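Engineer: Pasting a predicted model and its sequence here:
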Amino acid sequence: MNNLSISQKVYAYLVSLYKWYLKTPARSLEEAYQAALYIKQIEDEHFNGSQISIDPASRSSVNDYFESSLRKQLRLVRMRLTEFNSSRFFFNESNTRGAQRYGVELVNPEQVLTKLKIIDEITAKYTNIDTDNEIIAPPALFGSHIAQTETAFSQPGLRNLEIRESTNPKLGKTNTTGVLPRSILGTIGRLQVELDPTAEQDVVQNFRKAQRRTIISVRFILLLIIVPILTHQLSKAFIVGPIVDHLRNNESVRVFINYEMEEEALTELERFEERIKFQSLVGLIAPMSATELEEKVQEEARELAEEYRFESSNAIKNVFSDMTSVVAFTWLLLVSKREISVLKDFFDHIVYGLSDSAKAFIIILFTDIFVGFHSPHGWEVILEGISRHWGLPGNHSFIFLFIATFPVILDTIFKYWIFRYLNRVSPSAVATYRNMNE
């Protein structure tokens, strides 16, 4: 009887969850519609039915209130319409039959068209409003997504070029070529901006965008570093560590998890015994009998066994803790698509904003470290350290094969990048790199 009640509860829960899924399109569309009506209400009550005007140069409390309210509602419209389109994409005839069976009223196509048209009419006036580095564009009926592009300007003189790069994802710094050099175009653009009466407001607005981009990028970089490390330490201390210690709390558990540890322990024990004999022979310590020497060696062997048992357990903990770190890092990348686009634009401005000599210096430093003449020694140290961190025996054949192939592949990719992209964007930097490298 108890099992029957549990199964009934599970069935009821699954039915309610399925009903919630069937109501998702109507619920999402209604929330987007209500957000659009809220924007219309603000227009009617405070702006005489006209567009909500936001002056970037005015930083009053009233202006900030209307700006935050508008961006919040536009963001809500974008999110709910994306949810609406996604839920309708997976709808089929079986869902329609399920709605009829469980008495769920599906959204009426005529009502959908009416509400989407109203949403389009209201949000079409705000296609260039920046909502946390995202541009809100009016949605198309039944199927498109809200356009999302991050526009951040660093140099007022290059504003027209940056606008084209932001609105066209296929057009970037590495794909902008023209008849005239970019420096001349940049100079002409700066002169145009300096003669523009609104240049001061543009400078202030561009500075705020660059400041916000820098803050977001630095914060995201710190998260990429801190989150995996913190996840590794916490999982190792509170989850993986206690489990491994409980399973390996037996004295009969193997001390060494690979033969290299065993060889190191035997070598240390032999050196200890030879050191005791040498000190006894030269009079540094009192002469010891064979029994005393054997007891001394046994004590040292027990200490070495305890030390290497701890090192073996620590290597096992590192394996599982690193897995949790990778999961946390991957999750952070999946939920931070906007931050990744901002970070990409941040590095794009930094790298391409360097002088030619600085670019050449960084390229030479990078190539000499990873693919240079002395790089095999560094790769060998890194691979041996990783093997010891995970408690794996150092496979010298694999290490030599890796050193013979990976740096070569990396060098080929880097040379292709210089030839394909850097040579197009900054030929003078490539020339400086070649002169410095000769």
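Structural biologist: It's in.
Engineer: only C-alpha atoms for contact and neighbour calcs from this point on.
Structural biologist: OK.
Engineer: Residue 327 versus the residue nearest to the spatial centre of the chain, what's the distance?
Structural biologist: The centroid of the chain falls nearest to residue 333 when counting by Cα atoms, centre = their mean (3.3 Å). Note on residue 333: its distance to residue 327, by Cα to Cα, to the nearest Å, is 10 Å.
Engineer: What of residue 84?
Structural biologist: For residue 84, the distance to residue 327 - Cα to Cα - is 29 Å.
Engineer: Among the two, which residue is more densely surrounded?
Structural biologist: Between residue 84 and residue 327, residue 84 has the larger neighbour count (other Cα atoms under 10 Å), namely 21 against 14.
Engineer: which residue sits closest to the more buried one, ignoring its sequence neighbours?
Structural biologist: Spatial nearest neighbour of residue 84, chain neighbours left out: residue 25 (4.8 Å); criterion: Cα to Cα, 6 or more residues apart in numbering.
Engineer: and the one you found, which of the three is it?
Structural biologist: Residue 25 falls in the helix class when you classify it by DSSP: H, G, I helix; E, B strand; the rest coil.
Engineer: Could you verify my assumption that it touches residue 83?
Structural biologist: Yes: Residue 25 is in contact with residue 83 according to Cα atoms under 8 Å; the separation is 7.4 Å.
Engineer: Those two: which has the busier surroundings?
Structural biologist: Ranked by neighbour count (other Cα under 10 Å), residue 25 and residue 83 place residue 25 first, with 23 against 19.
Engineer: residues in contact with that one?
Structural biologist: Neighbouring residues of residue 25 by Cα atoms under 8 Å, 6 or more residues apart in numbering: 83-85, 87-88, 107.
Engineer: Tell me which of these fall in helices.
Structural biologist: Of the positions in the contacts of residue 25, 83-85, 87-88 sit in helices, assigned by DSSP state H.
Engineer: which of those residues lies closest to residue 383?
Structural biologist: Nearest to residue 383, judged by Cα to Cα, of the ones in helices among the contacts of residue 25 is residue 83 at 45.5 Å.
Engineer: Do I have it right that that closest one meets residue 28?
Structural biologist: Yes: in this structure residue 83 lies within contact range of residue 28 using Cα under 8 Å: 6.4 Å.
Engineer: hang on, the earlier thing: what would the ones in helices among the contacts of residue 25 look like in a markdown table with pLDDT and distance to residue 422?
Structural biologist: Formatted as a markdown table, these follow (pLDDT from 0 to 100; distance: Cα to Cα, whole Å):
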| residue | pLDDT | distance to residue 422 |
| --- | --- | --- |
| 83 | 81 | 40 |
| 84 | 83 | 43 |
| 85 | 81 | 40 |
| 87 | 74 | 43 |
| 88 | 73 | 44 |
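Engineer: for those, which one is nearest residue 231?
Structural biologist: Nearest to residue 231 among the ones in helices among the contacts of residue 25, counting by Cα to Cα, is residue 83 at 31.2 Å.
Engineer: Okay then, goodbye and thanks.
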